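Visitor: how does the following fold in three dimensions:
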Amino acid sequence: MATISSTQDQIYLWWQIGYLGAVLSPICYFRFIYAFVNLKKRWLLYLIYILGIIYVIAILFFRDKFFGNLVFRYDQFWWFYWPKNKSILYLLFYISFWWILVGYSFFLTIRSYRESVGLQRIQTKYFILGSIFGWVGAEGLFLPKFIWNAYPYTNFLIAIYPVIFVYAMLRYRLMDIKVAITRTGIFVFVYSLVLGIPFIMAYGLRDWLKGILGVNWWIAPLGLMVALATVGPFVYIFLEKRAETVLLREQRRYQETLKQAAVGMTRIRDLKKLLDLVVHIVTKAVRISHSSLYLYDEKSENYLLHASRNLKNPQATSISKKSSLIAWLEDQKEPLVYEEIKQRVQDYHSELVFKEIEDQMRLLNASVLVPSFLEDSLMGFLVLGDKRSGQIYTTDDLNIFSVLASQAALAIENAQFILEAKEMQEQIAQAEKMVTIGTMADGLSHQINNRFNALSLIAGDTLDTVNLTDTSQCSPKVKEMVEQIKHALQRIEANVIQGGEVVRGLLKYSRPGDTGLEPLDLNTILNNTLEMVQYKIKLSEIDIIRDFPQDLPKIKGNMAQLEEVFFNFIDNAYDAIVERRSLLKENGYRGRITILAKPKRDQALEIEIEDNGIGIKNNDNTKVFTPFFTTKTSSRKGTGLGLYVIRKIITDTHKGKIEFESDYKVGTRFIMELPIAK
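Guide: Presented below is the predicted three-dimensional model:
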């Protein structure tokens with residue numbers, strides 16, 4: 001416009017309009033950087049605003065002092081040449097805004113790039129690249145002001161930087177492009193009015209204003225500009241909110257739904273229902289192709305698929321805790337986007353970790369993974385498919401999903417606690433039943449022994465009668481039948497005797513025994529224990545090795561309680577051996593329980609009970625002596641009270657010590673110290 005204008009005033013007018021952009025561009029750019037890097041220097045922002053207002057006033061009302069005289073350059077257009085009048089005001093503007101302010105903005109951005117990771121680093125890289133093209137292109141327009149033969153060849157670069165920014169917006173969510181364009185449009189509209197109306201007044205009504213205000217005519221447009229500049233930000237904010245409400249109506253709708261779901265899910269007590277609800281709400285509210293939820297399983301040390309919605313393609317049912325994907329989520333603690341990882345694979349070919357993560361996300365059919373943390377522990381993660389609308393996941397979306405995942409972690413922990421409490425109640429009830437049976441042992445054993453005595457008498461009398469009967473005149477067939485009857489009666493007598501011994505052993509085991517402590521021989525304790533434990537487990541399937549000298553000092557202890565201790569040790573070791581046999585299926589494997597003992601400092605007897613069973617996982621080591629905690633997985637699953645009771649007997653009753661060592665898939669060793677009888 002300045003080129004085709006015919007008068008000096010028109011040329012100056014278009015240069016003034018152009019230089020309003022030259023003032024506002026560094027300010028807007030710095031304001032964006034200020035927000036992008038989360039700078040906290042408000043005073044610097046206000047200082048730049050004040051300088052900007054001063055330069056705008058100089059451009060509008062003191063153009064001769066700011067620009068100087070115009071010169072026709074390159075046989076094309078009128079341009080001003082700074083060495084001709086050396087305007088200090090223009091030089092201050094150029095250095096302060098186009099070198100210091102823009103340079104400082106680049107410094108902040110580059111520092112942010114060095115400190116950033118993940119998506120923000122990629123976004124910042126493209127932002128810096130686009131900014132270089134834009135500012136170099138614009139900087140070339142200043143060279144003709146200072147160098148006579150410098151032609152503004154770099155002008156075309158200004159058209160390249162928006163292309164780079166739009167690519168970053170679409171590919172890496174630099175900004176929501178619809179929102180960015182809308183905000184820009186509103187900004188241009190509002191500030192066109194803020195600056196345009198005073199500008200029109202200054203040039204269209206100058207003569208009229210001079211007739212009223214004389215030489216101070218410029219006060220009117222300046223005052224109007226100040227008034228509009230004061231109102232402008234409020235108008236901009238109002239219009240921006242209204243426009244975003246329309247543009248982001250759908251996004252705001254499902255984000256509000258997810259917020260409400262995050263608050264309400266903590267009231268759900270049933271774990272299965274809670275997990276199904278999470279994937280249902282996410283899939284339906286956000287309108288995505290599918291979703292699924294994985295939770296950590298301590299026994300398998302994997303993240304297992306627990307709930308899903310609309311899964312159409314095969315998907316991995318478990319992810320190892322040791323995988324690169326889980327390590328990345330634990331380290332970054334933020335949502336992971338498939339497109340970002342895919343881009344990193346292209347950018348960093350040499351780093352195999354990104355390729356592994358990409359492969360694992362593909363196995364999960366994941367567009368986004370949202371980790372769910374409880375404190376610093378990764379409880380699980382939510383897998384999200386593509387949006388049905390084809391839109392990308394915005395930063396606001398990921399923030400909402402992170403809030404949902406945090407609330408879900410609390411709700412899941414709550415539901416798991418309730419489930420565990422329910423199981424514990426059932427175990428308590430079962431333990432109470434066993435206690436009741438124990439209290440009935442006296443009466444039951446008396447009744448059973450009476451029946452056994454009756455059977456013994458009947459069998460004995462009948463056997464005497466048969467023995468006294470003369471069968472010499474009987475046929476061979478009858479003689480054979482009599483012999484079979486005698487054999488059957490003898491077997492009845494033998495089984496009655498054995499049954500009586502079992503009942504006596506049960507009665508002996510169930511009675512608490514004397515609370516007093518007496519000298520006890522370790523071999524005697526073991527013999528009594530094995531006599532009882534043989535009715536519960538198959539001793540023929542394992543080897544029990546006693547690796548200690550026969551002249552060991554005696555233990556000061558309670559026989560019934562120590563029998564209970566060794567009974568539990570052998571029973572637990574047998575279960576661990578059975579589990580290892582079924583889980584690992586090792587050729588030639590045979591269960592082994594080794595009992596070692598030796599005096600320690602002439603005050604205690606150190607006893608080790610070692611097995612080669614499945615062992616205990618590291619995560620369970622701190623829970624072994626906790627009431628109602630059990631690692632048994634078979635149908636013979638216990639109540640989880642055995643080791644708790646053992647510790648109470650060893651430490652409280654006998655004033656001894658107990659500890660254990662265990663390697664998963666190798667075996668377990670319990671080490672206890674019991675006082676020696678003096």
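Visitor: isn't Trp217 up against Tyr203?
Guide: No. Using C-beta atoms under 8 Å as the test, Trp217 is too far from Tyr203 to be in contact (11.5 Å). For every residue, glycine as well, the C-beta is placed using N, CA and C.
Visitor: contacts made by stretch 151-165 with the rest, please.
Guide: Stretch 151-165 has contacts (C-beta atoms under 8 Å, 6 or more residues apart in numbering) with 74, 126-127, 129-131, 133-134, 136-141, 143-144, 174.
Visitor: can you check stretch 108-116 too?
Guide: Ile33, Phe36, Val37, Leu39, Gln120, Arg121, Thr124, Lys125, Phe127, Ile128, Ser131.
Visitor: and the closest residue to the third one other than its chain neighbours, how far from Tyr34?
Guide: Using C-beta to C-beta, 6 or more residues apart in numbering and skipping residues adjacent in sequence, the residue nearest Val37 is Ser112, 4.5 Å away. Relative to Tyr34, Ser112 is positioned 11 Å away (C-beta to C-beta, to the nearest Å).
Visitor: and Lys655, what element?
Guide: Assigned by DSSP states H and E, Lys655 belongs to no helix or strand.
Visitor: Met672 is in contact with that one, correct?
Guide: No. If you go by C-beta under 8 Å, Lys655 and Met672 don't touch, sitting 11.8 Å apart.
Visitor: out of the two, which sits in the busier spot?
Guide: Taking neighbours as other C-beta atoms under 10 Å, Lys655 and Met672 compare with Met672 leading, 23 against 13.
Visitor: that one belongs to a strand?
Guide: Yes. The assignment for Met672 (DSSP: H, G, I helix; E, B strand; the rest coil) places it in a strand.
Visitor: give the contact list for it.
Guide: Shown in contact with Met672 (C-beta under 8 Å, 6+ apart): Glu606, Ile607, Ile650, Gly656, Lys657, Ile658, Glu659.
Visitor: which residue packs closest to it, ignoring adjacent ones?
Guide: In space, and not counting its chain neighbours, Met672 is closest to Ile658: 4.3 Å by C-beta to C-beta, 6+ apart.
Visitor: mind checking pLDDT for that neighbour?
Guide: pLDDT, Ile658: 89.
Visitor: and what of Gly638?
Guide: Gly638 is assigned a predicted lDDT (pLDDT) of 51.
Visitor: just to revisit the earlier point, any of the contacts of Met672 buried? List them.
Guide: Buried residues within the contacts of Met672, counting neighbours by 16 or more other C-beta atoms under 10 Å: Glu606, Ile607, Ile650, Gly656, Ile658.
Visitor: farthest pair in these?
Guide: Farthest-apart pair in these is Glu606 and Ile650; separation 12.2 Å (C-beta to C-beta).
Visitor: tell me the mean pLDDT for the host helix or strand of Leu325?
Guide: Following DSSP H and E, one finds Leu325 within helix 324-332. On average, the pLDDT along helix 324-332 is 89.
Visitor: partners of the helix or strand just after that helix in the sheet?
Guide: Once the chain leaves helix 324-332, the next helix or strand it forms, by DSSP H and E, is strand 336-337. Applying DSSP bridges to the sheet, strand 336-337 is found paired with strand 368-374 (antiparallel).
Visitor: ok, Val482 - how many residues close by?
Guide: Val482 has 15 nearby residues by other C-beta under 10 Å.
Visitor: whoops, Thr283 was the one
Guide: Residues contacting Thr283 under the criterion other C-beta under 10 Å number 20.
Visitor: what angle sits between the helix or strand encompassing it and strand 368-374?
Guide: Assigned by DSSP H and E, Thr283 belongs to helix 271-286. Between helix 271-286 and strand 368-374, the angle comes out at 140 degrees (axes from the mean of the first three to the mean of the last three C-alpha atoms, to 10 degrees).
Visitor: leaving out chain neighbours, which residue sits closest to Lys387?
Guide: Nearest-residue entry for Lys387: Ile288, 5.5 Å, with adjacent residues in sequence omitted and distances by C-beta to C-beta, 6+ apart.
Visitor: any figure for the gap between the one you found and Asn310?
Guide: Relative to Asn310, and taking C-beta to C-beta, Ile288 is found at 8 Å.
Visitor: between those two, which has more neighbouring residues?
Guide: Higher neighbour count among Ile288 and Asn310: Ile288, with 21 against 14, using other C-beta under 10 Å.
Visitor: so who does the more buried one touch?
Guide: Contacts for Ile288 (C-beta under 8 Å, 6+ apart) come out as Val282, Ser367, Leu384, Gly385, Asp386, Lys387, Arg388.
Visitor: mind listing which of the residues you listed are in helices?
Guide: Residues of the contacts of Ile288 located in helices (DSSP state H): Val282.
Visitor: would you list the buried entries among the contacts of Ile288?
Guide: Neighbour-count burial (16+ other C-beta under 10 Å) is assigned, among the contacts of Ile288, to Val282, Ser367, Leu384, Gly385, Asp386, Lys387.
Visitor: surely the last one and Thr394 touch.
Guide: The one in question is Lys387. No. If you go by C-beta under 8 Å, Lys387 and Thr394 don't touch, sitting 10.3 Å apart.
Visitor: so, low pLDDT: which residues of the stretch 401-550 of the chain?
Guide: Within the stretch 401-550 of the chain, the segments meeting pLDDT under 70 span 415-416, 418-421, 423-424, 426-447, 449-450, 498-516.
Visitor: which stretches in it count as helices?
Guide: For the stretch 401-550 of the chain, the helices defined by DSSP state H, counting those that start in this stretch cover 441-468, 476-510, 522-533.
Visitor: so which of the contacts of stretch 108-116 are in helices?
Guide: Among those, DSSP H puts Ile33, Phe36, Gln120, Arg121, Thr124, Lys125, Phe127, Ile128, Ser131 in helices.
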